[in-house]
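Asks: build me a structure from this.
(one chain, ligands or ions: 1)
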Amino acid sequence: MDFPIIIGNWKMNLTPHESEMVAKKIVAGLPSQGVSAEIVLCPSFPALEKVARVTVQSSIALGAQNFFWQESGSYTGEVSAKMLKEVGCSWSIIGHSERRINLRETDSEINKKVKLALAYDIVPVICVGEKYEEREGGQKDFVIMREVTSALKGVDKFSRLVIAYEPVWVIGRGEAIDPEEAQSVATLIKYTLRDIYSHEVVEKKIQILYGGSVDDQNVNQFVDQELIKGVLVGGSSLKPEIFLGIINRLTSNAN
Ligand code: PEP
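Replies: Here you go, the predicted model:
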């Protein structure tokens, strides 16, 4: 739990073959002295098995970008947590803003997914964050508290979970927010968590990440913030040299 977490979210960007090639480059470029970071790659569903065959030889873990909120059954086109577990996923992103916005994913569905992830021993990475209009309308804190609280409703037994603060308006923008602002939102998330869980649970079992236009040039500024334990990376995780740059910076930081 002490190493920084670096999660690459490849979204709907690489074919299975391209994913395999990018994963190979990342694995080949890992620091030879070993990696003092937890690294997770989240390819698209069809690429999971190919990427798993590459990462299994390394310290990189496999994650999914999503799954369905029911355990199994007649849900054409959906993928279950159990299926993900079987192909080697030990992590999953849940409630990414692109799903909340484009697929109308609700707080209640996200809550069900968190419970299913935990039931299958998959670390849930719960994404929360305000849209630009919400920020301008002074609703930022309210939105974040609501998203955290509703995702965790009835979630009482877990060994680990992760919350990623991703301000929606900086995702893919190429310019991140001020690291101090990310720290202040992480503080708000901590206070919200402490209304639900004991101090010990919050400190030992929950980690907060920042996501939104992270690259190898700005990553240290975020992870240097006391409450930010790692990063969720979109665009920069598609470019092996930049993703490896992020890993190298955080690895040398941790040593
Ligand atoms: C994301 O989509 O989770 C993300 C952080 O994207 P980007 O790094 O491209 O802003």
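Asks: so which residue of the stretch 101-250 of the chain comes closest to the ligand?
Replies: Shortest the stretch 101-250 of the chain-to-the ligand distance, computed as Cβ to the nearest ligand atom: residue-wise this is residue 234, at 2.1 Å. Where you see a C-beta, it was placed from the backbone N, CA and C, and this is true even at glycine.
Asks: give me the phi and psi for the closest residue to that residue other than its chain neighbours.
Replies: Distances taken as Cβ to Cβ, 6 or more residues apart in numbering put residue 9 closest to residue 234, at 5.1 Å, once the chain neighbours are dropped. When read as degrees, to the nearest 10, the backbone of residue 9 gives phi -110, psi 110.
Asks: next one: residue 9 from residue 98, what distance?
Replies: 9 Å (Cβ to Cβ, to the nearest Å).
Asks: which of those two has more neighbours?
Replies: residue 9 (26 against 20; other Cβ atoms under 10 Å).
Asks: show me the contacts for the more buried one.
Replies: 42, 65, 93, 96, 211, 232-234, 237 (Cβ atoms under 8 Å, 6 or more residues apart in numbering).
Asks: report the buried members of those.
Replies: 42, 65, 93, 96, 211, 232-234, 237 (16 or more other Cβ atoms under 10 Å).
Asks: from those, which land in strands?
Replies: 42, 93, 211, 232-233 (DSSP state E).
Asks: tell me the contacts of residue 134?
Replies: 140, 143.
Asks: close to the ligand: what parts of the stretch 1-150 of the chain are there?
Replies: Contact residues (Cβ under 6 Å from any ligand atom) of the stretch 1-150 of the chain with the ligand: residue 9.
Asks: now do the strands in the stretch 1-150 of the chain.
Replies: According to DSSP state E, counting those that start in this stretch, the stretch 1-150 of the chain carries its strands in the segments 5-9, 38-42, 61-64, 89-94, 123-128.
Asks: hang on, residue 197 packs against residue 203?
Replies: No: look at residue 197 against residue 203 with Cβ atoms under 8 Å: they stay out of range, at 9.6 Å.
Asks: find the residues that touch each one of these two.
Replies: Going by Cβ under 8 Å, 6+ apart, no residue sits against residue 197 while also sitting against residue 203.
Asks: now the helices for the stretch 101-250 of the chain?
Replies: Taking DSSP state H, counting those that start in this stretch, the helices of the stretch 101-250 of the chain run over residues 107-119, 132-136, 140-151, 179-196, 199-205, 219-223, 240-254.
Asks: let me have the ones you listed in a markdown table, extended by mean pLDDT and distance to residue 163.
Replies: A markdown table is the format used below for those (pLDDT from 0 to 100; distance: least, Cβ to Cβ, whole Å):
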| stretch | mean pLDDT | distance to residue 163 |
| --- | --- | --- |
| helix 107-119 | 98 | 10 |
| helix 132-136 | 97 | 18 |
| helix 140-151 | 98 | 6 |
| helix 179-196 | 98 | 6 |
| helix 199-205 | 97 | 10 |
| helix 219-223 | 97 | 14 |
| helix 240-254 | 88 | 19 |
